[in-house]
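Enquirer: This is the structure alone, sequence omitted:
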């Protein structure tokens with residue numbers, strides 16, 4: 001065993017603890033202040049109320065600085081501001097109205113007042129001159145020169161008038177804005193602006209003037225162009241007449257206000273003139289005018305002219321009232337007519353117009369104009385067709401559509417059409433179908449209507465069944481003279497067949513053979529059947545193949561006469577006919 005003592009671990013731990021304490025003291029001395037500052041900064045970031053106060057101190061300067069650099073800040077805020085305005089208007093529009101009222105109210109009143117002033121001034125000038133001797137002379141001058149009367153009046157009564165204002169960019173010569181009086185015809189404003197700039201450059205180049213020297217006035221006949229120079233723009237005014245010098249101060253004030261409003265747009269001008277549209281009102285204020293004031297003396301001619309006007313209006317009023325009364329009378333007549341419904345009436349461009357609904361069977365409204373003494377050329381009518389449900393129109397409409405023969409009469413009761421008389425089967429079938437298409441009729445009753453074709457069919461049937469063909473004794477030969485009866489019978493059967501087909505009737509003919517009482521019953525039955533078969537074959541040979549036949553021999557069982565004599569026996573040696581009728585649909589169904 002070794003005598004070396006074990007290491008002392010507690011001592012090592014004490015030494016390590018002393019080292020850590022020394023390092024902490026050194027760390028506190030070196031980075032202690034910075035850690036304190038970082039803690040405070042973290043606290044500012046973590047606490048929103050402190051961070052908000054710090055941002056609010058620099059926010060105004062930051063907004064101004066960012067907005068001065070470019071338009072991105074304005075672009076970013078525009079949607080938000082628009083949404084705020086929309087929300088404010090939806091919530092309470094009165095707040096925004098109250099804020100804008102002090103600005104918009106005076107501006108609107110000023111614009112309306114200025115417009116009315118100019119309109120009344122021009123109207124008064126034209127009215128005063130039109131009813132005077134000077135007015136007649138000037139009207140004649142207008143006709144001779146081709147000018148409008150208002151233009152001639154202005155030329156003779158005008159002291160001065162500013163007709164056009166041009167706002168021109170000084171550096172590029174581009175036209176920024178242009179305003180003109182409404183009655184002024186002018187060339188392309190951009191072209192005029194370019195010409196003014198070219199004249200200015202021409203004077204500088206030709207006469208070796210200083211750069212600060214400018215053209216102030218250009219005289220062109222009765223028009224003068226005054227040019228007011230600004231630092232970045234030029235205002236050119238086209239004036240008719242002789243304007244006072246104080247008008248220049250108006251132009252100078254408009255130019256200064258334009259520069260004040262559009263300073264930022266002028267500094268960054270890139271050729272887009274849309275920004276200067278909002279300064280248009282400043283230029284329109286420069287469109288001023290002044291007229292000569294002359295007291296007009298009343299003249300006899302004026303009174304005569306006034307009298308003519310009064311008489312003219314009186315005559316016009318008389319004819320207007322008379323035509324109105326005639327028009328009212330015409331409308332009353334139309335209202336009294338059945339089958340006509342008026343939906344709109346009135347007068348336009350000196351012509352009356354009327355529109356509505358008219359049954360084709362109703363009276364033509366044009367025929368009523370004669371009774372009202374109205375000029376048909378001054379009445380415009382437009383009628384759409386419709387079907388009136390009045391009984392006065394239903395029956396005539398039914399007659400027009402059904403076209404009944406003269407043997408049929410029609411009567412309407414409670415929307416039911418009663419047909420009486422006699423008609424062909426084809427007309428009756430067609431009427432049953434067409435009556436469903438006639439407004440105001442629910443059904444047609446034919447109880448009192450006789451079918452002519454059916455009557456013919458039954459009459460023909462009776463005639464055929466009453467015929468008989470006689471034979472010689474104990475044979476299948478016809479008695480002499482029976483050929484004519486057979487031909488008539490064939491003809492009648494053909495007609496019967498045609499009528500039955502028209503009436504959709506199915507039929508067959510039973511041919512029954514008969515004998516007298518001589519001979520045995522067995523022989524007589526055989527002979528009677530042979531006679532029936534002979535007649536059937538003859539009918540088929542005569543073209544009656546499509547008919548169903550049934551042949552039967554009855555011998556002596558159905559005598560026509562009691563055989564008391566030989567003549568009676570002759571009548572019993574015969575062939576008779578029986579026709580069985582049925583509807584085709586019934587037959588097919590069975």
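Expert: It's in. It should be emphasised that the depicted structure is a prediction, and the values quoted were computed from it without experimental measurement.
Enquirer: Could you list which residues are in contact with the nearest residue to residue 497 once chain neighbours are set aside?
Expert: Of all residues not flanking residue 497 in the chain, residue 547 sits nearest, at 6.4 Å (Cβ to Cβ, 6 or more residues apart in numbering). In this view, the C-beta of every residue, glycine as well, is placed from N, C-alpha and C. Applying Cβ atoms under 8 Å, 6 or more residues apart in numbering, one finds that residue 547 lies in contact with 493, 497, 507, 508, 509, 539.
Enquirer: For residue 547, give its distance to residue 437.
Expert: Going from residue 547 to residue 437 by Cβ to Cβ, to the nearest Å gives 38 Å.
Enquirer: And residue 37, by the same measure?
Expert: 103 Å.
Enquirer: Next secondary structure after the host helix or strand of residue 570?
Expert: Counting by DSSP states H and E, the element that carries residue 570 is helix 566-572. Under the assignment DSSP H and E, the closest C-terminal helix or strand after helix 566-572 is strand 574-583.
Enquirer: distance between that following strand and the chain's centre?
Expert: A distance of 70 Å separates the C-alpha centroid of strand 574-583 from that of its chain, computed with Cα atoms, centre = their mean, to the nearest Å.
Enquirer: Can you tell me what sits against it?
Expert: By Cβ under 8 Å, 6+ apart, the surrounding residues in contact with strand 574-583 are 457, 461, 464-465, 467-471, 489, 496, 500, 504-514, 531-532, 534-535, 558, 560.
Enquirer: 6 Å instead?
Expert: If you take Cβ atoms under 6 Å, 6 or more residues apart in numbering as the criterion, strand 574-583 is touched by 461, 464-465, 468-470, 505-510, 512-514, 531-532, 535.
Enquirer: Narrow these to those that are buried.
Expert: Among the contacts of strand 574-583, those classed as buried by neighbour count (16 or more other Cβ atoms under 10 Å) are 461, 464, 468-470, 505-507, 509-510, 512-514, 531-532, 535.
Enquirer: so which of those residues comes closest to residue 323?
Expert: Taking Cβ to Cβ as the measure, residue 505 is the one of these closest to residue 323, at 68.8 Å.
Enquirer: Bridge partners for that closest one, pull those for me.
Expert: With beta bridges defined as DSSP bridges, residue 505 has these partners: residue 583.
Enquirer: Relative to residue 512, how far out is it?
Expert: From residue 505 over to residue 512 the distance is 21 Å, taken as Cβ to Cβ.
Enquirer: residues contacting residue 417?
Expert: With Cβ under 6 Å, 6+ apart, residue 417 has these contacts: 410, 441, 444.
Enquirer: Neighbour count added to those, as CSV?
Expert: Listed next are the contacts of residue 417 as CSV, based on neighbours: other Cβ atoms under 10 Å:
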residue, neighbour count
410, 20
441, 21
444, 20
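Enquirer: got the buried residues for the helix holding residue 570?
Expert: 569, 570, 572.
Enquirer: now do stretch 343-354
Expert: Buried residues in stretch 343-354, counting neighbours by 16+ other Cβ under 10 Å, are found at 352, 354.
Enquirer: Residues contacting that stretch, please?
Expert: Applying Cβ under 6 Å, 6+ apart, the external contacts of stretch 343-354 come out as 327, 355, 356, 378, 379, 380, 381.
Enquirer: Cross-reference those residues with the strands and report the matches.
Expert: Judged by DSSP state E, strands contain the following of the contacts of stretch 343-354: 355, 356, 379, 380, 381.
Enquirer: just to revisit the earlier point, give me the buried entries from the contacts of stretch 343-354.
Expert: If you count burial by 16+ other Cβ under 10 Å, the buried members of these come out as 327, 356, 379, 381.
Enquirer: can you pull up the bridge partners for the last one?
Expert: With DSSP bridges as the criterion, residue 381 is bridged to residue 354.
Enquirer: From residue 330, how far out is it?
Expert: 11 Å.
Enquirer: just to revisit the earlier point, closest one of the buried residues of helix 566-572 to residue 23?
Expert: Sorting the buried residues of helix 566-572 by how near they are to residue 23, with Cβ to Cβ, puts residue 572 at the top with 162.5 Å.
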